[in-house]
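> just the structure for this:
(4 chains)
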2 protein chains.
Amino acid sequence: MVVSVQIAPPDFDPVFAALADHTRRDIVRRAINAEEGVLELASHYPMSFAAVQKHVAVLERAGLITKQRIGRRRVVRTNPEALLVARRLLDQYEGLWRARIDRMNQLVAETAGAIDTVETKESKR
Amino acid sequence: MVVSVQIAPPDFDPVFAALADHTRRDIVRRAINAEEGVLELASHYPMSFAAVQKHVAVLERAGLITKQRIGRRRVVRTNPEALLVARRLLDQYEGLWRARIDRMNQLVAETAGAIDTVETKESKR
DNA sequence: GCTGAATACAACCGTATGGTTGTATCAGTG
DNA sequence: CACTGATACAACCATACGGTTGTATTCAGC
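Presented below is the predicted three-dimensional model:
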């Protein structure tokens, strides 16, 4: 019996908020390729270790990265799924945009045959 | 004489920050299709007109929407270019991700033929 | 089982953010 | 010109955010 698998509706707020910081975006970028611990990551940025640690925490809460113990360090990896979540929203907007264009073209095509229908479309307030 | 058109390097911070709010994302979505003034927009949300106005200002500063005078109202339209800016960054990350996968596959392929090269690749600290 | 490297966490500070209310500007319309 | 619909802007408040320093925790390795 398939119970219509409820995918948790992603809350975009923390994802976009996490991406709205240069340092955090750079951490994401780094963590795509490298496998660095938090201390190693911190060495790249002109701020305290604790500050970087906080950034990592923000990214982790947003689901953009995960940490895994390896030896004594916790290696940071980016989670491509979370990136897709954000991208899908933008794609959706793009879809709406295209739909609008299509509708406008459609409208133009119709109007070309019956110009006086314009009055009914444009609500002048 | 083409002067190597310098596209201003987009600062992603305000774009993602603007998208990190449910109300603002909804404004963007609405403004893709509809052509509403700020007052009309505000009517959709459970907050004061001024609050919505601020949200619109944030979106405008981020370049995600534009306002155009039509009659007495200022009609809000989303700027698909800005959405693309954000999307391109995510695409770039996805590219890095794929590149990493490819490199790993490459590595596996090489290793299959010469197992003892593993030592040189894995830096054990 | 100690020691120390790597990480986590708490407290604090200045500034930014999201909301409010109130007042000012500005352009159509009677 | 006066009126009013639509917007802008300023002041204020509570809370969140990005940074700091300092202290606690937790394993890896000897």
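
> now residue A:66: which helix or strand?
strand A:65-70 (DSSP states H and E).

> report the distance from that strand to the chain centre.
Its chain's average C-alpha position is 21 Å from that of strand A:65-70, according to CA atoms, centre = their mean, to the nearest Å.

> does that strand reach DNA strand C?
Yes. Strand A:65-70 reaches DNA strand C (CB under 7 Å from any atom of the strand) through residue A:67. C-beta: built from backbone N, CA, C; applies to glycine.

> which element follows that strand toward the C-terminus?
With DSSP H and E, the next secondary element past strand A:65-70 is strand A:73-78.

> partner strands of that following strand and their direction?
Partner strands for strand A:73-78, per DSSP bridges, with pairing direction: strand A:36-37 (antiparallel), strand A:65-70 (antiparallel).

> thinking again about what came up before, buried set for the strand holding residue A:66?
Buried residues in strand A:65-70, counted by 16 or more other CB atoms under 10 Å in any protein chain shown: A:65, A:67.

> ok, stretch A:103-112 next?
Within stretch A:103-112, judged by 16+ other CB under 10 Å, no residue is buried.

> next, format the strands paired with strand A:73-78 as CSV and append mean pLDDT and distance to residue B:107.
CSV is the format used below for the strands paired with strand A:73-78 (pLDDT from 0 to 100; distance: least, CB to CB, whole Å):
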stretch, mean pLDDT, distance to residue B:107
strand A:36-37, 95, 18
strand A:65-70, 93, 18
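
> get me the contact residues on chain A for chain B.
A:12-17, A:19-22, A:25, A:28-29, A:32-33, A:78, A:80, A:83-84, A:86-87, A:89-91, A:93-94, A:96-97, A:99-100, A:125 (CB under 8 Å from any CB of the partner chain).

> strands - which of these land there?
Cross-referencing the residues of chain A next to chain B against strands under DSSP state E gives residue A:78.

> buried only: go through the residues of chain A next to chain B for me.
Here, 16+ other CB under 10 Å leaves A:12, A:14-17, A:19-21, A:25, A:28, A:32, A:78, A:80, A:83-84, A:86-87, A:89-90, A:93, A:96-97 buried among these.

> out of the residues you listed, which touch DNA strand D?
Within those, those near DNA strand D by CB under 7 Å from any atom of the strand are A:17, A:20, A:21.
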